[in-house]
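Enquirer: predicted model and sequence below, questions to follow.
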Amino acid sequence: GDGGRGPHAPRGSAPPARPPARARAGGGPRGTRLSAGLDPMPAAPAIAAAPPPLSAAKRAIEAFLEMLAAERAASAHTLAAYARDLAKAQIWAEAAGSDLLAIGREELSRYLRSFAKDGLAPATAARRLSCLRQFYRFLCADGRRADDPTAAVDSPRRTRALPKILSEAEVEHLLAAAEK
């Protein structure tokens, strides 16, 4: 850019001054009347509101994700998936009147059973449980929790797809291609 000087202004010259705002004859913006030559009162500067303080559970989640990134070199996709999984678990725990730092085996089992009721695929349920297992192991190692509520929880069973069977025509086509 040319700093607002225009294409033919010599370098080093100041940008042109802006013309003063003009008052409309019938009043200023939104019907306010401007005194001759006076600008309306400037708006108060916007003050950024301080973010709400993080709960202990949310601080623990952030510490866990930072550990995954720093110590285990987790990819951005892994970190995003774990952040989503833990946020969903925290929302569920809050709805149950608790939080992730305080839930026990019974509450965790109810959460895991909700996966099937919600129609989650077994692979998704297994990933969420894996995330929770790692989170609670981190909390125990970090001294934030004395027990691991995931220790006695079984992983969801994943069904294996049956192998696909070739039709007779497909087998004949393969054999004919192999003979060539």
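Expert: In hand now; what should we look at?

Enquirer: where in this protein is pLDDT low?
Expert: Residue ranges of the chain with pLDDT under 70: 1-52, 155-162.

Enquirer: one more time with 90
Expert: Scanning the chain with the threshold set as pLDDT under 90 gives 1-55, 98-99, 109, 112-113, 115-118, 120-125, 152-167, 170-171, 174-175, 178-180.

Enquirer: quick one, helices of it?
Expert: Assigned by DSSP state H, the chain shows helices spanning 56-71, 76-95, 105-117, 122-141, 168-179.

Enquirer: now the ones you listed in TSV, with mean neighbour count?
Expert: Any C-beta I mention is one placed from the backbone N, CA and C, and that applies to glycine too. Listed next are the helices of the chain as TSV, based on neighbours: other Cβ atoms under 10 Å:
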stretch	mean neighbour count
helix 56-71	16
helix 76-95	15
helix 105-117	14
helix 122-141	18
helix 168-179	9
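
Enquirer: how about those helices in TSV, adding distance to residue 147?
Expert: TSV is the format used below for the helices of the chain (distance: least, Cβ to Cβ, whole Å):
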stretch	distance to residue 147
helix 56-71	15
helix 76-95	16
helix 105-117	9
helix 122-141	7
helix 168-179	55
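
Enquirer: for residue 152, find the nearest of those.
Expert: helix 105-117 (6.4 Å; Cβ to Cβ).

Enquirer: between helix 122-141 and that closest one, find me the angle.
Expert: Put simply, helix 105-117 runs at 160 degrees to helix 122-141, going by axes from the mean of the first three to the mean of the last three Cα atoms, to 10 degrees.

Enquirer: other SSEs contacting helix 105-117?
Expert: helix 76-95, helix 122-141 (3 or more Cβ pairs under 8 Å, 6 or more residues apart in numbering; DSSP states H and E).

Enquirer: cutoff 7 Å now
Expert: The contact analysis (3 or more Cβ pairs under 7 Å, 6 or more residues apart in numbering; DSSP states H and E) places helix 105-117 against helix 122-141.
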